[in-house]
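> Here's a sequence, model it:
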Amino acid sequence: MEQEAVRWNIKVSKETDLTLRTFLGSQGMKKGDLSKFIEEAVRWHVFHRTVQDIKARNADTDAGELEALIDDAVREVRVEASARGKAGET
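Modelled structure (predicted):
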C-alpha cells in the first residue's frame, strides 16, 4: 500500500545542497532519491529525539522499576501479537 505523497517547499543553503547532492551521487543515488533521503533523515531524527526525550523523562526512575515497566510492556505486546496471529490462522 503506497501512501499519498505531500509536496514540501524547503530552503537550504547552497553549501548544504551541494554537500547532499555530492553525497547522494557518491552513493549512486539519482536526483529523485533526494525525497527518499530527506524522508529517511526526518524519520531518523524524530525517532532519535523521541528516544532522548524518553531517556530524559525516565532519568530519575529506579532501574528495577524501569526494567519491570519494560518487561510488562513487552509481555503485553507479545500477548497481543500472539492473539493477532491466532486470529489470522482461523
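
> For the protein, which helix or strand comes out least confident on mean pLDDT?
One helix or strand of the chain scores below all others by mean pLDDT, DSSP states H and E: helix 63-89, with a mean of 91.

> May I see the buried residues of that helix?
Buried residues in helix 63-89, counted by 16 or more other Cβ atoms under 10 Å: none are found. Yep, even glycine has a C-beta here, placed from its N, CA and C like the rest.

> Break this structure down into its domains, please.
12-59, 61-90 (automatic domain parsing).

> pLDDT (mean, whole number) over the first one?
This means domain 12-59. Mean pLDDT, computed over domain 12-59, is 93.

> roughly how far is it from the heart of the chain?
11 Å (Cα atoms, centre = their mean, to the nearest Å).

> mind listing what's buried in stretch 24-39?
residue 24.

> CA-only coordinates of it in PDB, if you can.
The C-alpha trace of stretch 24-39 is given here as PDB (Å, rounded to 0.1, in the frame of the first residue of the first chain):
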ATOM      1  CA  LEU A  24      23.900  11.200  -3.000                       C
ATOM      2  CA  GLY A  25      25.900  11.000  -6.200                       C
ATOM      3  CA  SER A  26      28.800   9.200  -4.500                       C
ATOM      4  CA  GLN A  27      26.300   6.600  -3.200                       C
ATOM      5  CA  GLY A  28      25.000   6.000  -6.700                       C
ATOM      6  CA  MET A  29      21.700   7.700  -6.000                       C
ATOM      7  CA  LYS A  30      19.800   9.800  -8.500                       C
ATOM      8  CA  LYS A  31      18.100  13.200  -8.300                       C
ATOM      9  CA  GLY A  32      14.800  11.500  -7.400                       C
ATOM     10  CA  ASP A  33      16.300   9.900  -4.400                       C
ATOM     11  CA  LEU A  34      16.500  13.200  -2.700                       C
ATOM     12  CA  SER A  35      13.000  12.900  -1.400                       C
ATOM     13  CA  LYS A  36      13.600   9.400  -0.100                       C
ATOM     14  CA  PHE A  37      16.800  10.600   1.700                       C
ATOM     15  CA  ILE A  38      15.000  13.500   3.300                       C
ATOM     16  CA  GLU A  39      12.100  11.300   4.500                       C
END
